[in-house]
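[1] Got a predicted model here, sequence first, then my questions.
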Amino acid sequence: MIRKLINFIASLFRPRKRRKVRRYILTLLVAAAALPIFAAGNDDAPIQDNSFLVEEAYNQEPGVVQHIFTFSRTHAGTWAGTFTEEWPVGGLRHQFSYTPVFVRNDGIRSNDFALNYRLQLVGNGESRVAVAPRVTLLRDAVQVMLPASVVVTPHIVTHWNAGATSYPRTLTAGQSVVWLASHRVNFLVETVWTHTDHQTDVVVSPGLRWSYNLPHGLQVVPGIALPYDRTQHQRSAFLYLSFEHPFRGES
């Protein structure tokens, strides 16, 4: 199953099939996005998930855990996969998460492991402005990030990131605009800037995510994006899947 998924993503970049595959994907996206619109009423919980490449500034609510899977593949064949679990610690103010990272580049596989702590410094998921600085311990580095989220209108939310990683020395900035087309379907455009001693990259990524609200408080959010590295002139495909649910028997 995983191999079929990888081969399908790779077919996105075959010149002869590109137009046909894009039409096929567009049809799937429209159908998938339409399902939750007609499947439930407005009393369902709205999506308040991560952007795909840009971090939101909302910690997990007390008693709620989130599991996040991502997979990306570039035109050149490099792929990366992550799995993240986000847990509240004693309430909304403190959050702990961990992320195994798996990468394959030029036939060489590598991995890393991140331990993350995030402080809800300003606001929360119901505030117009929220700020939640994060500190991450990697295998060979330390990363700091300052995410901020701003609700512009009832249908437009923006997320802003600024941060640095100690090794290799990297500066990062990101911004995303999320259009809440409905409480269960979001369109987003993300821009990420990274700078190291050797190069600077700018990635622009349009994407779509939608939700399924299931019994017992479970919310499932699939998503897809098509990042484009404007510096390297390289396209990618990005897949996202999250599960959020109560624990300790809460509902």
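    Sure thing, it's come through. For clarity, every value in this text was computed on a predicted model and none was experimentally measured.

[2] okay, CA-based contacts and neighbour counts for the rest of this
    Will do.

[3] What segments of the stretch 1-150 of the chain are strands?
    64-74, 79-88, 94-105, 108-119, 129-131, 134-137, 142-153 (DSSP state E, counting those that start in this stretch).

[4] Now these in JSON lines, please, with extra columns for mean pLDDT, mean neighbour count and distance to Asn186.
    Shown next, in JSON lines, are the strands of the stretch 1-150 of the chain (pLDDT from 0 to 100; neighbours: other CA atoms under 10 Å; distance: least, CA to CA, whole Å):
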{"stretch": "strand 64-74", "mean pLDDT": "95", "mean neighbour count": "19", "distance to Asn186": "17"}
{"stretch": "strand 79-88", "mean pLDDT": "96", "mean neighbour count": "19", "distance to Asn186": "21"}
{"stretch": "strand 94-105", "mean pLDDT": "95", "mean neighbour count": "17", "distance to Asn186": "25"}
{"stretch": "strand 108-119", "mean pLDDT": "94", "mean neighbour count": "16", "distance to Asn186": "25"}
{"stretch": "strand 129-131", "mean pLDDT": "97", "mean neighbour count": "22", "distance to Asn186": "19"}
{"stretch": "strand 134-137", "mean pLDDT": "98", "mean neighbour count": "18", "distance to Asn186": "25"}
{"stretch": "strand 142-153", "mean pLDDT": "97", "mean neighbour count": "19", "distance to Asn186": "14"}
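
[5] Same list, these, but as JSON lines with distance to Arg209 please.
    As requested, the strands of the stretch 1-150 of the chain are exported to JSON lines (distance: least, CA to CA, whole Å):
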{"stretch": "strand 64-74", "distance to Arg209": "13"}
{"stretch": "strand 79-88", "distance to Arg209": "18"}
{"stretch": "strand 94-105", "distance to Arg209": "21"}
{"stretch": "strand 108-119", "distance to Arg209": "24"}
{"stretch": "strand 129-131", "distance to Arg209": "22"}
{"stretch": "strand 134-137", "distance to Arg209": "24"}
{"stretch": "strand 142-153", "distance to Arg209": "18"}
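
[6] Nearest approach to Arg248 belongs to which of those strands?
    Taking CA to CA, strand 64-74 is the member of the strands of the stretch 1-150 of the chain nearest to Arg248, at 9.0 Å.

[7] partners of the closest one in the sheet?
    In the sheet, strand 64-74 lines up against strand 79-88 (antiparallel), strand 234-246 (antiparallel) (DSSP bridges).

[8] looking at those, which is closest to Pro133?
    strand 79-88 (14.7 Å).

[9] tell me the angle of the closest one relative to strand 108-119?
    20 degrees (axes from the mean of the first three to the mean of the last three CA atoms, to 10 degrees).

[10] Please list the residues outside strand 79-88 that contact it.
    Residues outside strand 79-88 that contact it (CA atoms under 8 Å, 6 or more residues apart in numbering) are 59-73, 94-105.

[11] let's see it at 7 Å
    Outside of strand 79-88, the residues within contact range by CA atoms under 7 Å, 6 or more residues apart in numbering are 60-62, 65-73, 94-105.

[12] May I have stretch 127-134 exported as CSV, CA atoms only?
    Output of stretch 127-134 as CSV, limited to C-alpha atoms (Å, rounded to 0.1, in the frame of the first residue of the first chain):
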residue,chain,number,x,y,z
SER,A,127,-8.5,34.3,21.0
ARG,A,128,-7.9,36.7,18.1
VAL,A,129,-4.2,36.6,18.8
ALA,A,130,-2.2,33.7,20.2
VAL,A,131,1.5,33.3,20.8
ALA,A,132,3.2,30.0,21.8
PRO,A,133,7.1,29.9,21.7
ARG,A,134,8.6,26.4,21.3
